[in-house]
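[1] Please work out how this folds:
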Amino acid sequence: MASAKQDRINRLIYILEHANSWVSSAVLAKMLNTSERTVRNYIAEINRTGSRHIASSKEGYRLDREHAGATGEVAENRQPITPSAPPSHTPQKSVRDTRRDYVLSRLINAQEPVSMFDLADELCISESTLSNTVMPQVRKLLSQFDIQVETHGFATRLEGREQNKRRLLGYIATQGTNGYFTSTDTLKELFPGFDVDGIMNKLAEICQHSELFLNNYALSNLLLHILVIIIRLKSNNELDERDDAIDAADLVNAFSQRDEIVKCADEFSRYFERAFGCPIPKADYQQIVLLIALSIERYSYDELSFERLSSIIERPFVQTVSQIARETSERYGITSFDEAFMLQFTLHMYNVYQRALYHVRYPNPLVHQIMSDFAPVYDMAVYFAHRFSQALNVELGENEIGFIAFHIGAYLERCAAPSNSVTCIVIVEQYHDFARQLVSDLEHALADDIAIIGVMSCDAYLTSHPESDVVITTIDVPVANALKILIGPILTKQNLRKIRDNIAGVLEAKRRGQAHRFLRHVLRPELFARNVQLQGGPDAYIDYLGSLCMAGGFAGDDFVRDVHLRERISSTAFTERLAIPHSIDTYATRSFIAALHNDTAIPWGRHDVNFVLLIGIAREDMGYFRDVLDIIIELFSSVDDTMRIMQTDTFEEFLHAFTQDLS
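    Here you go, the predicted model:
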């Protein structure tokens, strides 16, 4: 697990690897949230170890790619320093979290109260650091699972239901870099006395012979949950009368695979008895049956029909999902969801609903990557999940929202079409029937991409100079104020590919031009602030920027309340250095972006941010939201662009740096 220092060094290397010019120590210090002196020390250490060589000049620092590797004695003895992937994708566990999880591991494994002095010694910290820094973090996490820390004298223990302790373990195991793909490593650290790999392999073998279909996510999740149950039972921690009694019979009876589910649960039970010499208690057996039932696929998607769906899902549920899906497509101006999508998605949401009812977590190892790489799609999923939660009175977390985004994103990719077509002039000489045939082929192949507004000869075009976005021509004619696409007189696959590639570029240029104009319109000097330090975390900064917007008549207090709601559902710090709080359901009176630029980073969810952009969109401008969000995140995903924006001070400098590449 990387220390805070190692994490900064990795991020420093990542910045220099992705920068196209020299980077000053001042900019590096700001991006790493540390001092220039510390930056110089880090660079000296990197050069000393030989893992990389960083060149320096009066302009700053850059990675010397010709000496990227090192050989010889220095290289052999160096400490490993590896380039970090983008921090938003691979969050490293901090020293604070490492200490917190160690204390939790000791407390959750202990049969008797644990000495605070022993904990401090084991962590190599003082008792005051343990009490004042580590234990508040422990209590904060435990409170999410309704578990308390009881301290008497200098001894401490956990007090809470066994069911909640198991949920806590599942949470800790899946909070690493790759979710449950590294969860067994975490469980090995938490329970060093158990053969975690051996147990996991046996559980996987039972599942593979069960005649039940589980996708990779579901299988990993099921195995993790059952592994936690086995570990807790082997440690003499059974479910007790305080835990919710589960009778899985009613749920399982509705499954056509009922016999296979019970058979699989029986195999788990027999394995436990053989391996550990005691039977699985009834309450834990019911828990295993429930987990299996909520992990399997009831139908393969090619077998689905609304008739089959109605045999397992009540009509009001189907209608609710369909209604929220329509509202989502209308709000974000996307293609209406077709029947094939709704069949799959309704079944998925029914499984989500069942998991929520029975409080079964379903970790999503890619949720943070989805949030940063596909923020507009993730935001649609947040809206859908919020409306779904309201309608059915259940709670959905970021993991489930990430899976909803999977479905929506896959559908949008499959149905991807330009938001508006490109106007086109076709220049072709009349020769027998070739001209008419070429235009007919173009219209047939590119009907969704282009609008042909004129067909003319070379002389006619040079005489009239009509306006269009592109000119498709079989003759190499001079073209002004439009993109020329030169093709042969017969429309081949190669020609079509060339046309589509060029059209995609024109549409992207249009999109960026529209976003540039919209951003210049909504970024206002009266809604810009510098170096505002507040207590109270993200909520305080949302309130501050919200007050500026309300004072200017851009939004009301209902809008600000809705922004807080959106932030509680899922953090809007989609990427390093940037948070984009916005509403989930309420429109602004007038569209705006209120911007805060702080030199000192603000802790915001998993990230430390220097920019907070509070976005408000009026109903009539909602069509801009997806592109604006996409472009802003794309901008801050670039090391060079982020460095340029971080060096601004005034509103005019910020606006220029923010929009200069969009025109």
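[2] helices and strands of the protein: which one bottoms out on pLDDT?
    Ranked by mean pLDDT, DSSP states H and E, the weakest helix or strand in the chain is helix 72-77, scoring a mean of 36.
[3] Could I get the buried residue list for the lengthiest helix in the chain?
    What stands out as the longest helix in the chain, according to DSSP state H, is helix 493-522. For helix 493-522, burial by neighbour count (16 or more other Cβ atoms under 10 Å) applies to 495, 499, 502-503, 506-507, 511-512, 514-516, 518-519, 522. No exception for glycine: its C-beta is placed from N, CA and C like everyone else's.
[4] pLDDT score for Ala482?
    On the pLDDT scale, Ala482 is placed at 87.
[5] Hmm, Asp469 and it touching each other?
    Yes. In terms of Cβ atoms under 8 Å, Ala482 counts as a neighbour of Asp469; the distance is 6.3 Å.
[6] ok, these two, which is more surrounded?
    Higher neighbour count among Ala482 and Asp469: Asp469, with 20 against 17, using other Cβ atoms under 10 Å.
[7] residues contacting that one?
    Listed by Cβ atoms under 8 Å, 6 or more residues apart in numbering, the contact partners of Asp469 are Val422, Thr423, Cys424, Ala482, Leu483, Val506, Lys510.
[8] For the second one, give its distance to Ser24.
    From Thr423 over to Ser24 the distance is 46 Å, taken as Cβ to Cβ, to the nearest Å.
[9] ranges for the helices of the stretch 101-250 of the chain?
    Remark: helices assigned in the stretch 101-250 of the chain by DSSP state H, counting those that start in this stretch are 116-123, 127-129, 135-143, 162-173, 183-190, 196-208, 216-234, 249-253.
[10] Please name whichever of the ones you listed is nearest to Leu438.
    Of all those, helix 216-234 sits nearest to Leu438, with 48.2 Å by Cβ to Cβ.
[11] Count the neighbours of the residue nearest to Arg566 when sequence neighbours are not counted for me.
    Sequence neighbours aside, Ile584 is the residue nearest to Arg566 in space, at 4.0 Å (criterion: Cβ to Cβ, 6 or more residues apart in numbering). Neighbours of Ile584 under the rule other Cβ under 10 Å: 19.
[12] where does Ile584 fall, helix, sheet strand or coil?
    Of the three states, Ile584 takes coil according to DSSP: H, G, I helix; E, B strand; the rest coil.
[13] these two touch, right, it and Ile569?
    Yes. Taking contacts as Cβ under 8 Å, Ile584 lies within contact range of Ile569: 6.9 Å.
[14] Need the residues touching each of these two.
    When contacts are counted by Cβ under 8 Å, 6+ apart, Ile584 and Ile569 are jointly contacted by Val382, His386.
[15] For the stretch 351-500 of the chain, just list every one of the helices.
    With DSSP H, counting those that start in this stretch as the criterion, the stretch 351-500 of the chain has helices at 367-373, 375-392, 398-414, 434-445, 458-464, 493-522.
[16] what's near enough to touch the closest residue to Leu483 other than its chain neighbours?
    Using Cβ to Cβ, 6+ apart and skipping residues adjacent in sequence, the residue nearest Leu483 is Val470, 4.6 Å away. Residues in contact with Val470, defined by Cβ under 8 Å, 6+ apart, are Val422, Thr423, Cys424, Ile425, Ile450, Ala482, Leu483, Lys484, Ile485, Asn502, Ile503, Val506.
[17] For Ala325, see how far away the fourth one is.
    In this case it means Ile425. In this view, Ile425 and Ala325 are 40 Å apart by Cβ to Cβ.
[18] re earlier: would you turn the helices of the stretch 351-500 of the chain into a markdown table with mean pLDDT and distance to Arg139?
    Below are those laid out as a markdown table (pLDDT from 0 to 100; distance: least, Cβ to Cβ, whole Å):
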| stretch | mean pLDDT | distance to Arg139 |
| --- | --- | --- |
| helix 367-373 | 79 | 25 |
| helix 375-392 | 93 | 27 |
| helix 398-414 | 85 | 22 |
| helix 434-445 | 82 | 64 |
| helix 458-464 | 84 | 75 |
| helix 493-522 | 84 | 42 |
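[19] Quick check: which of the ones you listed is nearest to Cys264?
    Across the helices of the stretch 351-500 of the chain, Cys264 has its closest neighbour in helix 398-414 (23.1 Å, Cβ to Cβ).
[20] buried set for that closest one?
    In terms of neighbour count (16+ other Cβ under 10 Å), helix 398-414 has its buried residues at 398-409, 411-412.
[21] now, which of these sits nearest Ile226?
    Using Cβ to Cβ, these come closest to Ile226 at Asn399, 18.4 Å.
[22] check contacts around the closest one.
    Contacts of Asn399 (Cβ under 8 Å, 6+ apart): Arg361, Tyr362, Pro363, Asn364, Val367.
[23] Ignoring the adjacent residues along the chain, who's closest to the first one?
    Excluding its sequence neighbours, the residue lying closest to Arg361 (Cβ to Cβ, 6+ apart) is Gly170, at 5.8 Å.
[24] my guess is the one you found contacts His225, does it?
    Yes. Between Gly170 and His225 there is a contact at 6.2 Å, judged by Cβ under 8 Å.
[25] Any buried residues in stretch 475-486, and which?
    Buried residues in stretch 475-486, defined by neighbour count with 16+ other Cβ under 10 Å: Val479, Ala482, Leu483, Ile485.
[26] those strands in this structure, which residues are they?
    For the chain, applying DSSP state E gives strands covering 54-57, 60-63, 114-115, 148-152, 155-159, 422-427, 450-456, 470-473, 483-486, 523-530, 577-579, 592-604, 607-616.
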